[in-house]
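>>> model this:
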Amino acid sequence: MNELVLDASVVLKWFASPPEQNTATARRVRAEYEAGRLAVVIPSLLYLELVNVAGRRWGWGETPLLGLAAALGELAFEAREPELSAVAAWTARGLTAYDAAYVALAEQWSLTLLTDDQQILAVAPQVAKPLASWEPGPRREG
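Next up is the predicted model:
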């Protein structure tokens, strides 16, 4: 099974309405995850970022935000926390500490970070790959 770190720029597109750039690709990632062909690893701050964007940028009220919180809980991603020293090192290279957490986590576990965040892609091209170029891994027959 393929294993990826996803950041908020990807998972947000699963819930965005109207669709944003690369939403179709993000939703293909979701379909692979839901079909059990992809494992998703995240830092727990992902959930806070998603609720924040939905409430602040999208202007969602309490009822839809509570629905989002419930939906996020059902996703059952594997939450792992990155080493703080690695987050600090990536922050020193120009990322926010929040974005650095995704990069550090991917680096720490030798995983690819899938992102639609151009700053992350510019600063950490050896760890992060663009959402736009994502293709599902080969399917294995039983």
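>>> G59: how many residues sit nearby?
8 (other C-beta atoms under 10 Å). Where you see a C-beta, it was placed from the backbone N, CA and C, and this is true even at glycine.
>>> same thing with E49?
Counted with other C-beta under 10 Å, E49 comes out at 20.
>>> ok, now L114?
Neighbour tally, L114, other C-beta under 10 Å: 25.
>>> Repeat that for F77.
18.
>>> list the contacts for it?
L6, V40, V41, I42, L46 (C-beta atoms under 8 Å, 6 or more residues apart in numbering).
>>> which residues does the third one bridge with?
This means V41. V5, E78 (DSSP bridges).
>>> what's near enough to touch it?
V41 neighbours (C-beta under 8 Å, 6+ apart): E3, L4, V5, L6, F77, E78, A79, R80, L105, W109, L111.
>>> Out of the residues you listed, flag the one nearest to A92.
Nearest to A92 out of the contacts of V41 is L105 (C-beta to C-beta; 16.8 Å).
>>> Could you tell me how far the closest residue to that closest one other than its chain neighbours is located from Y102?
Of all residues not flanking L105 in the chain, P82 sits nearest, at 4.1 Å (C-beta to C-beta, 6 or more residues apart in numbering). P82 is 8 Å from Y102, where distance means C-beta to C-beta, to the nearest Å.
>>> joint contacts of those two?
Joint contacts of P82 and Y102 (C-beta under 8 Å, 6+ apart) are P43.
>>> what separates L95 from A128, distance-wise?
10 Å.
>>> Now a ChimeraX select for only the buried ones of the contacts of F77.
Buried subset of these, written as a ChimeraX selection, criterion 16 or more other C-beta atoms under 10 Å:
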select :6,40,41,42,46
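>>> between P82 and Y102, who's got more neighbours?
Y102 (33 against 21).
>>> Secondary structure class of the more buried one, three-state.
helix (DSSP: H, G, I helix; E, B strand; the rest coil).
>>> Excluding covalently adjacent residues, which one is nearest to it?
Per C-beta to C-beta, 6+ apart, closest to Y102 is D7, 4.4 Å.
>>> just checking, the one you found touches T115?
Yes: using C-beta atoms under 8 Å, D7 is in contact with T115, at 4.8 Å.
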